[in-house]
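# my questions are about this predicted structure, shown below with the sequence.
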Amino acid sequence: MLIRDVMIKNPVKVYENELVTEAVERLRNFNLLSFPVLNSNEEPVGIFMSNVMNINGENFKNITVGDIMRVADDVSIVKEFEEAYSIFAKPREFFFVLDDQGRFVGILRKRHVMKTYYEKYNYCEARAVGIMKCVDSAVFAINKLGQIVMMNENAGIILGIGDDDVIGMKIESVIPNTRMLETLELGEVEYKRSFEYKEKKLLVNRHPIENEHGIIGAICSFRDVTEYNEIQDELVVEKHEKEVLETIFEIAYDGLIVIDPEGYITMISNAYKKFLGVEDRDVIGMHVTEIIENTRMHKVAETGVAEIAELQKINNNHTIVSRIPVFKDGVLTSVVGKVVFRNIDELDDLYSKIGKMEEQLENYKRELSQINKAKYTFSDIIGRSSEMKQVVNIAKKAAYTNSNVLILGESGTGKELFAHSIHNSSARRSKAFVKVNCAAIPDELLESELFGYEQGAFTGAKKGGKIGKFEVADQGTIFLDEIGDMPMHMQAKLLRVIQEREIEKIGSNNPKRIDVRIIAATNRNIEQMIEEKKFRLDLYYRLNVVTLNIPPLRERTEDIDALCKTFIEKFRIRYLKRVDAINDSSIAKLKKYGWPGNIRELENIIERAINIMDGGTVIKAKHLPVDISGRYDVEDVKPLKESMDDYERKTIIKCLEAVNFNKSRASKLLGISRTALYEKLDKYDLKIVNKSLQENEETRAM
Ligand SMILES: Nc1ncnc2c1ncn2[C@@H]1O[C@H](COP(=O)(O)OP(=O)(O)OP(=O)(O)O)[C@@H](O)[C@H]1O
């Protein structure tokens, strides 16, 4: 505020050479305490105090104003463009105001200026309070000392305090961690700063209050954006969902369309637009009846009842459509239409393709079940001896249960025969019987063989992956032959399968539940292996829920008669020979023999005998190998070389059968190289095809 804004312009004035009596007469009507006194040049020279007017006029005869005025000094002279408050520093009450050229333009009284300032302050305060009341934001102000001097209602509500409680209080005791003290100190303006106050998220502006003397306080305005932030988060989620929905619409193969409750199109998929031959701009906002012939979308919008898989002819194509109303809080908000197949012919094609695939699948399943079928039943097991009868009885009982079975016995005693028979007598007989020879599969392949693998599980893995034997045997039986040859790491995995009843393919993280009965067999001394830590005791306990000990043939020689009969019958038919029996002396010799190869050996001997018989119908001692018949007949005598070859050939065959035709194992056991074994197979005209031996008839008759 400048002096000129508050001065009294053209004040009532007197002149120094004026007679006091005249001046008093002239000023009587002005109720003022003092008047400026000017000289003849209109320059201020003094102050004429009105109290002289009460004094008797007689005393002032011929006295001029100049004689009794208070003489003006420099302190009481001010300029019209000076700040009004500058007079407060001067020890005067009355001031003469001069303009830029030093001309007298008015007077100023200190109390008048003070009153003006006071009125102005009152006005400003009222205005500030008014503004604070009517703004949406919460506002409070602090003074230089950091005390709250003003606070509006909104601030009180957000901060949860009444202004009466906090006016005069230090701001940091009301709002801990506030940056308002920094605002006071640094004078920096801050906009849109986040601030957390009692779990509320505030957006804060801070502003210093300054005058020409510096910072005299600070003001803070803020909003509670907690809800806004939550809404913003929701909006982000909604935006994401909208983008997902739009992507679905873009990539969906089937036609998709959405209408609002009035039937106007709001969304349509690319596939449907292509099918209808229309563009986005042509259809969005159009009524569905104008775009799709025979449509019932608008009807569904009216009825609110879904229509699923109905036939509709669009653009001469038969289509299958579904129309689904969408509700929110019980009110229909839109209808989604889906053209399931663009043309019913496609559906027919698809059905016929699926039909063919199902047929193929059935064929494969049939073939697979033929491959994985148990061939023998208990009626194929010949054995009159009490030992055998006992084992068969136990096996029959085990067949009715789901228990795992461990079959122990020397090579060729009929362990596999028992495994087949148990499966065929069990409730699983119509399901797969899968045989795995643990000794014949290289260690590194055994896991993939048993459990299968996923496509890409390792380099060299077949496209589409591989089903493991356990999965093939699901619902049926798996026969783990030569379990004693299973490596330790596989024993651990097998144990896990038995315990968890689930398998995990190599390269897969999804275990699959399976229901398989395990029958395991070995000709090895499993208990000794456990002692030598070559077989897991825990696995042994899991496998031998039922144990079948098949006695060796030498311990049940009374079975030899019946077995011989069975084998004669079998090979008579196979070789179309008239052989009726084996004579008693031969049987007696057979009973005396040690039978290291057990029944398989006996079977081979009968087969051989039938093959070398010439003329007669009864097998005699001469038809048996020398080590059984115990003597040479003249006709049996052969050149030494031939006999040695014969023996070598037999040894190779026995060995191959014992190791299930695994050539590497056989060559190791025989102590010759693989190449040497191949040469000998060639020499004796032996061929291994599908894990069985094909022999040249002539050579066989040697
Ligand atoms: N009790 C039996 N009655 C009839 N044939 C039998 C009997 N036992 C075994 N055989 C026959 O003997 C041959 C060998 O039997 P099998 O393969 O079951 O023996 P294995 O004990 O499993 O032999 P390996 O331990 O060498 O695998 C088969 O041809 C089988 O038909």
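Right, received. Where do you want to start?
# who are the contact partners of Met150?
Counting by C-beta atoms under 8 Å, 6 or more residues apart in numbering, Met150 touches 128-129, 132, 139-141, 163, 167. Every C-beta, even on glycine, is put in place using the N, C-alpha and C of the backbone.
# after the helix or strand harbouring it comes which helix or strand?
Element membership for Met150, per DSSP states H and E: strand 148-151. Remark: after strand 148-151, the chain's next helix or strand is helix 153-159, criterion DSSP H and E.
# what comes into contact with the helix or strand just after that following helix?
The helix or strand immediately downstream of helix 153-159 is helix 163-166, counting by DSSP H and E. Applying C-beta under 8 Å, 6+ apart, the external contacts of helix 163-166 come out as 148, 150-153, 155-156, 174.
# picking up where we left off before, which of the contacts of Met150 are buried, as a PyMOL select command?
In PyMOL syntax, the buried subset of the contacts of Met150 is picked out as below (16 or more other C-beta atoms under 10 Å):
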select buried, resi 128+132+139+140+141+163
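# kindly reformat the contacts of Met150 as a markdown table containing distance to the ligand.
A markdown table is the format used below for the contacts of Met150 (distance: C-beta to the nearest ligand atom, whole Å):
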| residue | distance to the ligand |
| --- | --- |
| Ala128 | 105 |
| Val129 | 106 |
| Met132 | 100 |
| Val139 | 96 |
| Phe140 | 95 |
| Ala141 | 100 |
| Asp163 | 99 |
| Ile167 | 102 |
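# Serialize the contacts of Met150 to CSV and add fields for distance to Thr247, pLDDT and secondary structure.
Formatted as CSV, these follow (distance: C-beta to C-beta, whole Å; pLDDT from 0 to 100; DSSP: H, G, I helix; E, B strand; the rest coil):
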residue, distance to Thr247, pLDDT, secondary structure
Ala128, 55, 82, helix
Val129, 56, 82, helix
Met132, 50, 81, helix
Val139, 47, 92, strand
Phe140, 49, 90, strand
Ala141, 52, 91, strand
Asp163, 53, 66, helix
Ile167, 58, 87, coil
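# need the contacts of Met150 in JSON lines (columns: distance to Val335).
Formatted as JSON lines, the contacts of Met150 follow (distance: C-beta to C-beta, whole Å):
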{"residue": "Ala128", "distance to Val335": "58"}
{"residue": "Val129", "distance to Val335": "57"}
{"residue": "Met132", "distance to Val335": "53"}
{"residue": "Val139", "distance to Val335": "51"}
{"residue": "Phe140", "distance to Val335": "54"}
{"residue": "Ala141", "distance to Val335": "57"}
{"residue": "Asp163", "distance to Val335": "55"}
{"residue": "Ile167", "distance to Val335": "61"}
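# what does the stretch 501-650 of the chain put close to the ligand?
Within the stretch 501-650 of the chain, the positions near the ligand by C-beta under 6 Å from any ligand atom are 523, 566, 599-600, 603.
# ok, of those, which come out buried?
Of those, these count as buried by 16+ other C-beta under 10 Å: 523, 599-600, 603.
# what about these, which are in strands?
Among these, no member falls in strands (criterion: DSSP state E).
# and those residues as CSV, adding pLDDT?
Formatted as CSV, these follow (pLDDT from 0 to 100):
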residue, pLDDT
Asn523, 93
Ile599, 95
Arg600, 94
Glu603, 95
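# okay, now the closest residue to Asn372 other than its chain neighbours: neighbour count?
Distances taken as C-beta to C-beta, 6 or more residues apart in numbering put Ala432 closest to Asn372, at 4.0 Å, once the chain neighbours are dropped. Using other C-beta atoms under 10 Å, Ala432 has 23 neighbouring residues.
# can I assume Ala432 is in contact with Gly476?
Yes - using C-beta atoms under 8 Å, Ala432 is in contact with Gly476, at 3.8 Å.
# shared neighbours of those two, anything?
Joint contacts of Ala432 and Gly476 (C-beta under 8 Å, 6+ apart) are Asn372.
# in what helix or strand does whichever residue of the stretch 251-400 of the chain sits closest to the ligand lie?
Proximity of the stretch 251-400 of the chain to the ligand (C-beta to the nearest ligand atom) peaks at Ile382, 3.7 Å away. Counting by DSSP H and E, no helix or strand carries Ile382.
# what residue is smack in the middle of this structure?
Asn509 (13.9 Å; C-alpha atoms, centre = their mean).
# can you classify that residue as helix, strand or coil?
coil (DSSP: H, G, I helix; E, B strand; the rest coil).
# what of Glu196?
Note that with three-state DSSP, the state of Glu196 is strand.
# and the residue lying closest to it once chain neighbours are set aside, what does it touch?
In this structure, Glu196 finds its nearest non-sequential neighbour in Leu202, 7.2 Å apart by C-beta to C-beta, 6+ apart. Shown here is Leu202, whose contacts under the criterion C-beta under 8 Å, 6+ apart are 158, 194-196, 222-225.
# gap between Val579 and Lys328?
90 Å (C-beta to C-beta, to the nearest Å).
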